[in-house]
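Mind looking at a prediction? Sequence and model below.
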Amino acid sequence: RWIKFEEKVEDGGERWSTPHVPALHLHSLFQLRTCLQKGTMLLDLDATSFKEIIDKALSEQSEEAELQPALRERLAALLLLQPQHQPTKSLLQLLAELGLSPCRGRKPSCPTRHPPTASSPGQSEPRTQLSKTPLKEQLRNRFKKKVPPGAEAAHVAVGEVEFLEKPFAAFIRLRRGVSLGSLAEVSLPSRFLFILLGPPKVKAYHEVGRAMATLLTDELFQRVARQAEHREDLIAGIEAFLDELIVLPPGKWDPSARIPPPSHLPSPRRRTAVEPLDQQPHGNGDMTGAGDRASPGHPRSGEELERTGRLFGGLLRDIRRKAPWYGSDFSDALHPQCLSAVLYIYLATVTNAITFGGMLGDATANMQGVLESFLGTAFAGFIFCLFSGQPLTILSSTGPVLVFERLLFSFSQDHSLDYLEFRLWIGLWVAFFGVVLVATEASHLVRYFTRFTEEGFCALISLIFIYDSLKKMLSLADAFPINWQYRLDNVTSYSCTCNLRRLFNPILTCLTTLQCPPLPSIQSPPATPAGLSRTQCLDRGGHLLGTSCQYVPDVTLISFLLFGGTFLFCTALKRFRSSRYFPVGVRKLVSDFAVILAILASCALDAVLGLETPKLLVPSELKPTNPARGWIVLPFGANPWWVCLVSAVPAVLVTILIFMDQQITAVILNRREYKLQKGAGFHLDLLCVSLLMVVTSVTGLPWYVSATVISLAHMESLRKESATSAPGEHPEFLGIREQRLTGLAVFILMGVSVFMAPVLKPIPMPVLYGVFLHMGVTALNSIQLTDRVRLLLMPAKHQPDLAYLRHVPLRRVHLFTAIQLLCLALLWVLKSTVAAIIFPVMV
């Protein structure tokens, strides 16, 4: 049987082979051409049953090929026998059949079929006539799930018949698709039939039948076969097929080897484009088949980035483009995949908010802390997802903004300025400049962002994620020191006792305050009471004596195991979609919920071991982290009047930072390979970020901009793939599930996280750092730069067959990569120094 690739029944007739590319004998194609030239041909036949088709085919023979009436009857009776199908059985069915009747050596006949050799009727069991209606087995056959919607069946019947003296060949095309009862393996309308029966001749008919079936699964020949009006049109179709044929020399490959299906197939449109021989690509790939990364990053010349020449013209066009999709932005989210995306991105955003909140607290003396980070993320993210042009974007605090906040706080302290008031005026200026950029359609500059800039920026942000997660893990060794000095052989000399001796000096205090320690402690001066914990001992004013008092279980070790385990588990479960185990529905479900399953497994392991690993700390009270500040920042009073004017200077730098950070992320998310259908909204997104700056500045909350890595993770978690795929065919990437609900749900959960502290408390921080590492590595692997860095380490003969390597000299590729890496290193060094304030200008 064929859908796109060939499948054979293995010896024993109990299972189908793996799908493979059919390898044909050239001679069989020539024989097929002869059969079509000399055999019966019925085009646009009006018939409603298989019996009617056979009768017409046998009666329409040419005079020299006409059969005797007796032979015709025997041949019709043979062709009208019920085919014995080879059903695809589930594991339970196979187990149920164990120990039942032995295999009867049945041979199959399927959508493309080869009936058994009819040499002597007595040697096989009696068979019934073909049913005019589909059988129950056909209707229940699970194989139908693999058949693409709208498909039709074509039947190829070939075999050896001893009572025939010369071959009988017929090609039939029905005027419309007709269900032919129980003929096919699954119930499908049929349009094409090919019959070739003749006297015994080793394998010849079988190979001609395979050639016909292969031709009928070729999209270009199908087009010819559907449109052919005469015999000559079909012959011309075979000639065109032969023109494209590539011959493998017989001594250089094993004909019994099965060629696995390729990951990408050339489109029929590309095959029909005539190219001069010297310009045709060599090898077995093409530009489109080399992967999505060969395509340009985004539609730089699209109407989204064209200037209208009117104030706010680009913004109004964004609103007009997005408004018709607003209703579907909610209805398209009704899918289980969106639930997994919400949980995954929520945990990533919580971790990010806690990490950046902690860093902001350290940098600003808690003027902005973890609680402000939570509330700001929830509010800004919710508003952005509700009104933005690209709601798949996730807002977050970013590294460059954090650097600016640190420098701004230091400057305010050195010059005795009120930090929050100074920051308020900078935020208002940034919002004003942002609105000016939207009004003047400055976002059209995005069309000049090339792959070079996109990849450099994306690689930098991904490396920051990887670096920060590793740095956080290494800092655990300070909080939970590793016991390098512990020796198992010296275990007898390790001890720790509680010394309460100094309690006897202040005996007077004890009597006056009536807060004496328990009686046994008073009666035994060198007291080491049994059962006193370390905390109880210190609470009673004692101190610890001994060589093992500083001993801490290896919390660092188990933390690193949880960290690495979560990362590897996430990666393995994400790849489970393309594994060979379990049905495709199970694989998709596991892959969609990969990160959630990894977090649950790691949390369960941590709970079973019961070690005191560092846990997620969520603020549980709605009050500012620093008690000296309120929820509203007043614009005047603490600073001189001229500060509101001077603030415009640093605001220019922040505006550049916000513009570059926001728009480069938007460019990366709107790449053409993501197949987004609802369009981008560069001007609308920038306006939303600018207006949110006003609210977050007035309330003293952190500033927010698009987070590249988390937004990419959001996109990847919402990938759509075709539900049905032919055996051997890779599921087709259909695009991203574009909607607003996942982002809204994530930020609503962020807002209520303050009240969910008991639920979130058991999650170990190393597990969330493992998720951070997974996001960074996934984002890094999504860019072409990573592929080209690998090429630097590969000998030429081992390099993959990438599209750009066919058209660009290798030394030019390496030079491009080297310049990109040099710029990336310079950006990293710049980010790590005091000059980080000019980081966006350098981008």
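Structure received. Residues are numbered from 1 along each chain as shown.

Show me the strands in the chain, by range?
Under the criterion DSSP state E, the chain contains strands at 40-45, 153-160, 168-179, 189-198, 395-396, 497-499, 543-545, 705-706, 719-721, 733-736.

Now the fourth one: average pLDDT?
Per-residue pLDDT values across strand 189-198 average out to 91.

ok now it, how far from the chain's centre?
On the basis of C-alpha atoms, centre = their mean, to the nearest Å, strand 189-198 sits 42 Å off its chain's mean C-alpha point.

let's number from 6 now, not from 1
With 6 as the first residue, the last one maps to strand 194-203.

Which positions in that strand come out as buried?
Ser195, Arg196, Phe197, Leu198, Phe199, Ile200, Leu201, Leu202, Gly203 (16 or more other C-beta atoms under 10 Å). Bear in mind the C-beta positions are built from the backbone N, C-alpha and C, glycine included.

again with the last one
Taking 16+ other C-beta under 10 Å as the neighbour-count basis, strand 738-741 is seen to contain the buried residues Ile741.

what's the most distant pair in the buried residues of strand 194-203?
Within the buried residues of strand 194-203, two members stand farthest from each other by C-beta to C-beta: Arg196 and Gly203, at 24.7 Å.

Run through the residues that contact the residue lying closest to Phe335 once chain neighbours are set aside.
Computed as C-beta to C-beta, 6 or more residues apart in numbering, the closest residue to Phe335 that is not its neighbour in sequence is Leu746, at 5.7 Å. Taking C-beta atoms under 8 Å, 6 or more residues apart in numbering as the criterion, Leu746 is in contact with Asp334, Phe335, Ala338, Cys343.

Which positions in stretch 403-414 come out as buried?
Buried residues in stretch 403-414 (16+ other C-beta under 10 Å): Thr403, Gly404, Pro405, Val406, Leu407, Val408, Phe409, Glu410, Arg411, Leu412, Leu413, Phe414.

Could you measure from the third one over to Val672?
Meaning Pro405. Distance of Pro405 to Val672, given as C-beta to C-beta, to the nearest Å: 17 Å.

what's the lowest-pLDDT member of the buried residues of stretch 403-414?
Among the buried residues of stretch 403-414, Gly404 has the weakest pLDDT, 69.

In this structure Pro204 contacts Glu165, no?
Yes: using C-beta atoms under 8 Å, Pro204 is in contact with Glu165, at 6.9 Å.

which of those two has more neighbours?
Glu165 (19 against 13; other C-beta atoms under 10 Å).

Isn't the more buried one up against Ala209?
No: shown here, Glu165 and Ala209 do not form a contact pair, counting by C-beta under 8 Å, at 9.0 Å.

which outside residues touch stretch 634-651?
For stretch 634-651, using C-beta under 8 Å, 6+ apart, the contacting residues are 372, 422-423, 425-430, 433, 629, 702-705.

run the last query once more with 7 Å
The contact list for stretch 634-651, computed with C-beta atoms under 7 Å, 6 or more residues apart in numbering, reads Met372, Leu422, Asp423, Leu425, Glu426, Phe427, Leu429, Trp430, Pro629, Val703, Thr704, Gly705.

which parts of it are buried?
Here stretch 634-651 shows Arg634, Val638, Asn644, Val648, Cys649 as buried, counting by 16+ other C-beta under 10 Å.

How far does it sit from its chain's centre?
47 Å.

Span of it from start to end?
End-to-end distance of stretch 634-651 (C-alpha to C-alpha, to the nearest Å): 23 Å.

Closest one of the buried residues of stretch 634-651 to Arg77?
Val638 (97.5 Å).

quick one on the thing from earlier: for the strands of the chain, which one sits closest to Val26?
strand 158-165 (17.9 Å).

Please name the strands paired to the closest one in the sheet, noting orientation.
strand 194-203 (parallel) (DSSP bridges).

Using CSV, write down the CA coordinates of the strand it pairs with.
Extracted C-alpha coordinates of strand 194-203, given in CSV (Å, rounded to 0.1, in the frame of the first residue of the first chain):
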residue,chain,number,x,y,z
PRO,A,194,-14.1,6.8,-2.9
SER,A,195,-12.2,5.4,-5.8
ARG,A,196,-11.3,7.0,-9.1
PHE,A,197,-8.4,5.0,-10.7
LEU,A,198,-8.0,1.3,-11.3
PHE,A,199,-5.2,-0.6,-13.0
ILE,A,200,-5.4,-4.3,-13.8
LEU,A,201,-2.5,-6.5,-15.1
LEU,A,202,-3.0,-10.3,-15.1
GLY,A,203,-1.2,-12.8,-17.3
